[in-house]
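K.L.:
Please work out how this folds:
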Amino acid sequence: MSLDDCLRACSVHSGKLVGSLDPRRLQLAEALRQLLALWATQEQSAPAPTAAGLLRRTKAAATGAGSGGNLSNEVLDALLNVGNKAVVCAYDDELNLTVTITDTILHLRRGSRAGWRLRGRILEALGQPVEAAEAYERYLELTKEDGFGVRARVDGIHAATKARTELLSLLKRTVPESAAFGAGPATDVWAEGLAAHSAGDPSGAQARLVGALIALDREGAPESQVQEALAHYLDLATGLQTRPTPELTQALALYADARRGRMRGPVPDPLFGGVQWLSLGEFRNRIAGKSICLIANSGKVGESGLGHDIDAYDLVVRFNSYRIDPAHTGRKTDIHVTIHKHNYNWDKPVDTRLVFSGSSPDWKYSVRNKLIPGAQTYVNDESLRWPVRNIGGWTTERFAAIPTSGFNMLWLLDYLDVSPTLDLIGFDFYESGAYRLPEAMKLAITNVHEYGSEKTWVMERAQSVSGMRISLR
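P.N.:
Alright, predicted model coming up:
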């Protein structure tokens, strides 16, 4: 598709968004407006074409040349912005528009890294993970720094595809009767299987449902459709058995592996010494029922004399450039909470390191490039990247300032509400100054945080205040 045709499609789609209340489509509409305004400006300022220029353009169109043509860097960036906003919408019209945009960009700029990455995203959204991995691989060939964690995405796709293949092979072996139904239309066979299940014919239902899964795979159905059917089948199979068979247990494990691979790529090993991802639910399970204290990096802590009391908690949480003085701060650190910008204490061994960031690309880059091998057993995945905003949904209208690492963590623990004891020690919101590593003392106590609002939130929930200790539970 030519650039003119692509821009015409963008213009038509812009009209479809008028009156939409979907926030994602509103963002797309603004990106389209900026693109079309830029294009109109460039068209008005472009010099009249010469005969030689028209001849070159005609030859390029005839040969399919992708040298860049009249696609300026500014228009390229605007197109990419539209494509990235459209793919997030996830509606068919927007997905089709993204396909049009990537086709155009990669026709004109075969070496566009961002174009190949967007191609990978749209192929994933369309349920074509193998093709998406190929596009991502092309992106990786063209870039030196994988700041978006694309390599992990590719590894996740490959791991998920392998698990799904093994799962379908397992079902074929354990339900050999399914072969008789695997050649039929998947939708019809699936309906027959559900009917057999409703009629109280579990063996007939199983054969047909597995046959339909085989047919979906053979027909190249979108990955989301296959995953939904697998989940439905495994749910029915689990309900029919009072005690899961080893085969069903293995099938459930493979399905879980496939789902995890789709959601998040594995952390490369041995690069990070076998570190494991920790999701919101998994983090909740690890802290449930345990007493927790959060230690502030305030001047009061450095002279508290509470070291023994601090080490008596089940879990001790410290922040960023925390400093250890056993008599005052205690010795142990179970959870290190850190902003992505600095890497203070990232070399100190801890069970769990939570890396917070308001930017997904920055978070991915830091986790991939700054973690020290063997210094942590668990690191948070993106579900825990920015708790107050991403989990709590606090907009800038509700809380305009940037939440501190301490407040993000405290809010998260209060939100999960699974700890019988939740104490804050030394939290005076820097009224007594900072107590940090010597090399971090040069850092100013930044004014981008709203310490007063955070303090108000804490004190409204405090169950008791005793000296330097604020207890929320």
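
K.L.:
Give me the longest strand you can find in this structure.
P.N.:
strand 350-356 (DSSP state E).

K.L.:
which secondary structure elements does it contact?
P.N.:
Applying 3 or more C-beta pairs under 8 Å, 6 or more residues apart in numbering; DSSP states H and E, we find strand 350-356 packed against strand 335-339, helix 360-370, strand 376-380, helix 405-416. All C-beta spots, glycine's among them, are computed from the backbone N, C-alpha and C.

K.L.:
Show me what the first one is packed up against.
P.N.:
Spelled out, that is strand 335-339. Applying 3+ C-beta pairs under 8 Å, 6+ apart, one finds that strand 335-339 makes contact with strand 315-319, strand 350-356, helix 405-416.

K.L.:
which residues are in contact with stretch 321-328?
P.N.:
For stretch 321-328, the external contacting residues (C-beta atoms under 8 Å, 6 or more residues apart in numbering) are 295, 297, 301-307, 329-331, 333, 336, 342, 344-345, 435-437, 439-440, 443.

K.L.:
any weak-confidence spans in this structure?
P.N.:
44-69, 241-242, 264-274, 430, 444-449 (pLDDT under 70).

K.L.:
That one: strands as residue ranges?
P.N.:
276-278, 292-295, 315-319, 335-339, 350-356, 376-380, 422-425, 464-466, 469-471.

K.L.:
so the fifth one versus strand 315-319, what angle?
P.N.:
Relative orientation of strand 350-356 and strand 315-319, computed by axes from the mean of the first three to the mean of the last three C-alpha atoms, to 10 degrees: 40 degrees.

K.L.:
List the buried residues for strand 350-356?
P.N.:
Going by neighbour count (16 or more other C-beta atoms under 10 Å), the buried part of strand 350-356 is V350, T352, R353, L354, V355, F356.

K.L.:
from the middle of its chain, how far away would it be?
P.N.:
Here strand 350-356 is found 17 Å from its chain centre; the criterion is C-alpha atoms, centre = their mean, to the nearest Å.

K.L.:
Relative to that strand, what are the paired strands and their orientations?
P.N.:
Taking DSSP bridges as the criterion, strand 350-356 forms sheet pairs with strand 335-339 (parallel), strand 376-380 (parallel).

K.L.:
Pick the most deeply packed of these.
P.N.:
Ranked by mean neighbour count, those are led by strand 335-339 with a mean of 23 (mean count of other C-beta atoms under 10 Å).

K.L.:
quick one: it to helix 405-416, angle?
P.N.:
Here the directions of strand 335-339 and helix 405-416 differ by 120 degrees (the same axes, to 10 degrees).

K.L.:
Could you export strand 335-339 as PDB, CA atoms only?
P.N.:
The C-alpha trace of strand 335-339 is given here as PDB (Å, rounded to 0.1, in the frame of the first residue of the first chain):
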ATOM      1  CA  ILE A 335      12.600  -7.200  50.300                       C
ATOM      2  CA  HIS A 336      14.500  -4.400  48.600                       C
ATOM      3  CA  VAL A 337      12.200  -1.800  47.000                       C
ATOM      4  CA  THR A 338      14.000   0.400  44.500                       C
ATOM      5  CA  ILE A 339      13.200   2.900  41.800                       C
END
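
K.L.:
What is the longest helix of this protein by residue count?
P.N.:
helix 150-174 (DSSP state H).

K.L.:
helices and strands around it, which ones?
P.N.:
For helix 150-174, the packing partners by 3+ C-beta pairs under 8 Å, 6+ apart are helix 113-125, helix 129-142, helix 202-219, helix 223-239, helix 246-263.

K.L.:
Could you rerun that using 10 Å?
P.N.:
Applying 3 or more C-beta pairs under 10 Å, 6 or more residues apart in numbering; DSSP states H and E, we find helix 150-174 packed against helix 113-125, helix 129-142, helix 202-219, helix 223-239, helix 246-263, helix 360-370.

K.L.:
chain center to the third one, what's the gap?
P.N.:
Yep, that's helix 202-219 we're talking about. 32 Å.

K.L.:
quick one: the helices in the stretch 1-150 of the chain?
P.N.:
Secondary structure of the stretch 1-150 of the chain (DSSP state H, counting those that start in this stretch): helices located at 3-16, 23-45, 51-63, 73-89, 92-108, 113-125, 129-142, 150-174.

K.L.:
mind listing what's buried in the last one?
P.N.:
If I follow you right, that is helix 150-174. Within helix 150-174, judged by 16+ other C-beta under 10 Å, the buried ones are 150-161, 163-164, 166-168, 171-172, 174.

K.L.:
how many neighbours does Y344 have?
P.N.:
A count of nearby residues for Y344, using other C-beta atoms under 10 Å, gives 20.

K.L.:
Quick check, it in contact with R353.
P.N.:
No: in this structure, Y344 is not within contact of R353 by C-beta atoms under 10 Å, at 11.9 Å.

K.L.:
if I look at these two, which residues touch both of them?
P.N.:
H336, T338 (C-beta atoms under 10 Å, 6 or more residues apart in numbering).

K.L.:
who touches the residue nearest to the spatial centre of the chain in this structure?
P.N.:
Against the mean C-alpha coordinate of the chain, by C-alpha atoms, centre = their mean, the closest residue is E382 at 4.7 Å. For E382, the contacting residues are G149, M263, R264, W277, S279, L280, S357, S360, W363, K364, V367, N390, by C-beta under 10 Å, 6+ apart.

K.L.:
how far away is the residue nearest to A186 when sequence neighbours are not counted from A237?
P.N.:
Of all residues not flanking A186 in the chain, A215 sits nearest, at 3.7 Å (C-beta to C-beta, 6 or more residues apart in numbering). For A215, the distance to A237 equals 18 Å [C-beta to C-beta, to the nearest Å].

K.L.:
Then Q276?
P.N.:
29 Å.

K.L.:
P403 now?
P.N.:
44 Å.
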